[in-house]
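> Sequence first, predicted coordinates after that:
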Amino acid sequence: MNLLLEYKKTVLLIFGCLLLLNYSIISAGLNNNLFGILASIGLFFIGSRKTTFNISYPLFAMIFILEFISFRLHTKSLHLLALALFVCLLYYSFTQKFSFIALICILLFSSVFSTFFDYMTTEIKQILCYHVYIVLKNFIVIDKIEGVNFYINNAKITVDTACMGLSMFKTGLLSGAFILTLEEKKQSKYFNILQIFLFCVVVIILNIISNYFRIITLILFQCTQENVLHHTIGILCFVFYQIVPMLFLIHFFKPKTEEIQTEKQQHKFVIIIVATSILFATSFEIKKIQPNNLLENLSSEYSIQNGTWVNNEVFKISTPSKLIYIKTPAHNPLVCWTGNGYKIIEKKETARGNQKIWQVKMEKNNIQYNSYWWYECDSKKYTSLPEVLLIKLFTNKSVRLINETTKIQQ
């Protein structure tokens with residue numbers, strides 16, 4: 001018993017050192033999703049239960065994959081997620097308790113999911129707006145729809161990016177997780193993995209319905225800009241189309257699994273030691289400054305002598321007819337432009353020469369722009385971020401993002 005207690009103290013001390021070593025990464029992650037991360041970790045401790053499924057190996061495999069990518073690409077968001085999974089691994093090793101519901105929430109509030117959603121936002125927005133147009137045109141006169149712009153009675157109404165409800169999507173799933181956990185505590189039994197998965201699918205469907213009717217309501221009230229009414233409509237749609245249906249549907253999801261007795265876990269010390277070593281190695285590696293080589297073998301059509309460095313990850317070239325940014329692939333142009341007040345109207349693939357690139361139509365101060373961007377490696381253009389990251393992961397070749405923007409002449 002004393003030996004086990006000393007072991008736990010040693011592990012917790014080492015883990016404390018690991019947290020201090022990664023303080024800046026953890027601090028940045030908490031600033032982005034403080035409530036969601038803390039709520040997910042709290043849910044993990046509250047809702048964990050004993051399980052016969054040895055979760056150590058899947059968790060270790062996930063940590064290894066995330067840290068391998070982080071080590072090679074210096075991806076801090078994946079490293080932070082690996083640290084969160086390591087907390088789950090430690091808790092499971094000491095208690096043999098685990099919460100699949102909370103694990104989903106931890107993944108959901110990670111920067112990895114936020115990045116994925118950022119890349120999908122434009123496509124989701126265009127699809128939702130089109131289906132809203134199909135319904136509303138039967139009830140009100142809509143002159144036309146152009147991407148996310150609705151023209152009604154010669155007035156233009158633009159659906160903002162915020163209307164896609166990423167926060168509402170996350171909060172909906174987190175609320176569903178708490179409802180499942182409270183039902184388990186109430187019944188003193190547990191849901192199986194299939195029930196959890198089905199309930200998550202139901203919550204996602206409810207979120208889509210909620211977002212759909214929220215956009216309809218916002219357009220009918222001509223309130224697509226963020227203000228008190230905008231947020232009030234969002235909260236009411238969230239309550240009536242997500243929370244109330246979830247509270248009703250939970251009565252059809254009855255937990256049936258009883259508390260089980262688990263056997264002593266084998267090799268848990270070895271797994272923790274190896275995982276800790278991997279995390280420390282990546283923590284030291286990720287602190288090193290990695291050369292970006294953004295301008296290496298750049299096409300001569302770009303006059304780099306007229307450009308300036310915005311920071312060590314962004315190079316800017318301004319010409320009378322065009323604005324050009326050369327960046328690391330981690331920078332999403334859609335996020336950068338919307339962060340600077342531009343509204344994304346439409347996004348589609350187009351061709352330049354024989355290679356595909358992205359074309360985005362956007363607007364600011366009633367002036368419209370065409371923005372073209374692509375990833376480039378060995379002078380070849382790509383539109384898929386995962387594809388170029390895989391190339392960089394296994395070949396260590398230099399990858400850059402090129403973004404060219406021009407004003408549309410009226």
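Here it is on my side, so go on. Numbering: from 1, shown residues only.
> switch to C-alpha atoms for all contacts and neighbour counts from now on
Noted.
> Phi first, then psi, for the nearest residue to residue 286 once chain neighbours are set aside.
Residue nearest to residue 286 in three dimensions, not counting chain neighbours: residue 74, with 5.1 Å by Cα to Cα, 6 or more residues apart in numbering. Backbone torsions for residue 74, taken as degrees, to the nearest 10, come to phi 60, psi 50.
> Distance check, residue 74 against residue 333.
20 Å (Cα to Cα, to the nearest Å).
> if we can go back for a sec, neighbours of the residue nearest to residue 286, just the number please.
Applying the criterion other Cα atoms under 10 Å, we find 20 residues in the vicinity of residue 74.
> what's near enough to touch it?
By Cα atoms under 8 Å, 6 or more residues apart in numbering, the contact set of residue 74 is 285-286, 290.
> Mind picking the one among those that's closest to residue 84?
residue 286 (16.7 Å; Cα to Cα).
> Surely that closest one is in contact with residue 70?
Yes. Under the criterion of Cα atoms under 8 Å, residue 286 makes contact with residue 70 at 7.3 Å.
> So the two - more neighbours on which side?
residue 70 (23 against 19).
> Quick check: the more buried one is in a strand.
No. Applying DSSP: H, G, I helix; E, B strand; the rest coil, one finds residue 70 to be helix, outside a strand.
> how near is it to residue 287?
Counting by Cα to Cα, the separation of residue 70 from residue 287 is 11 Å.
> how about the helices of the stretch 101-250 of the chain, start to end?
111-136, 166-187, 193-220, 228-238, 244-249 (DSSP state H, counting those that start in this stretch).
> Looking at those helices, spot the one closest to residue 297.
Closest among the helices of the stretch 101-250 of the chain, using Cα to Cα: helix 111-136, at 27.5 Å.
> pLDDT (mean, whole number) over the closest one?
Average pLDDT, helix 111-136: 70.
> can you check stretch 66-78 too?
pLDDT averaged over stretch 66-78 gives 88.
> Return the distance of it from the chain's centre.
Here stretch 66-78 is found 16 Å from its chain centre; the criterion is Cα atoms, centre = their mean, to the nearest Å.
> Buried residues, that stretch. List them.
66-71, 73-78 (16 or more other Cα atoms under 10 Å).
> So residue 329 sits against residue 377, correct?
No. In this structure residue 329 lies outside contact range of residue 377 using Cα under 8 Å: 10.6 Å.
> any common contacting residues for these two?
399-400.
> in this structure, which helix or strand is least confident?
Within the chain, no helix or strand scores below strand 155-158, which has a mean of 68 by mean pLDDT, DSSP states H and E.
> check contacts around the residue nearest the centre of the chain.
Closest residue to the average C-alpha location of the chain: residue 114 at 1.7 Å, with Cα atoms, centre = their mean. Residues counted as contacts of residue 114 (Cα under 8 Å, 6+ apart) are residue 108.
> Overlap in contacts, residue 286 and residue 70.
With Cα under 8 Å, 6+ apart as the test, residue 286 and residue 70 both reach residue 76.
> Would you mind listing the residues in contact with the closest residue to residue 213 other than its chain neighbours?
Using Cα to Cα, 6+ apart and skipping residues adjacent in sequence, the residue nearest residue 213 is residue 237, 7.3 Å away. By Cα under 8 Å, 6+ apart, residue 237 lies in contact with 210-211, 213-214.
> Throw these into JSON lines and include distance to residue 192, thanks.
Shown next, in JSON lines, are the contacts of residue 237 (distance: Cα to Cα, whole Å):
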{"residue": "210", "distance to residue 192": "27"}
{"residue": "211", "distance to residue 192": "29"}
{"residue": "213", "distance to residue 192": "32"}
{"residue": "214", "distance to residue 192": "33"}
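> and those residues as JSON lines, adding neighbour count, pLDDT and distance to residue 227?
Formatted as JSON lines, those follow (neighbours: other Cα atoms under 10 Å; pLDDT from 0 to 100; distance: Cα to Cα, whole Å):
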{"residue": "210", "neighbour count": "22", "pLDDT": "85", "distance to residue 227": "19"}
{"residue": "211", "neighbour count": "24", "pLDDT": "80", "distance to residue 227": "17"}
{"residue": "213", "neighbour count": "18", "pLDDT": "83", "distance to residue 227": "18"}
{"residue": "214", "neighbour count": "23", "pLDDT": "82", "distance to residue 227": "14"}
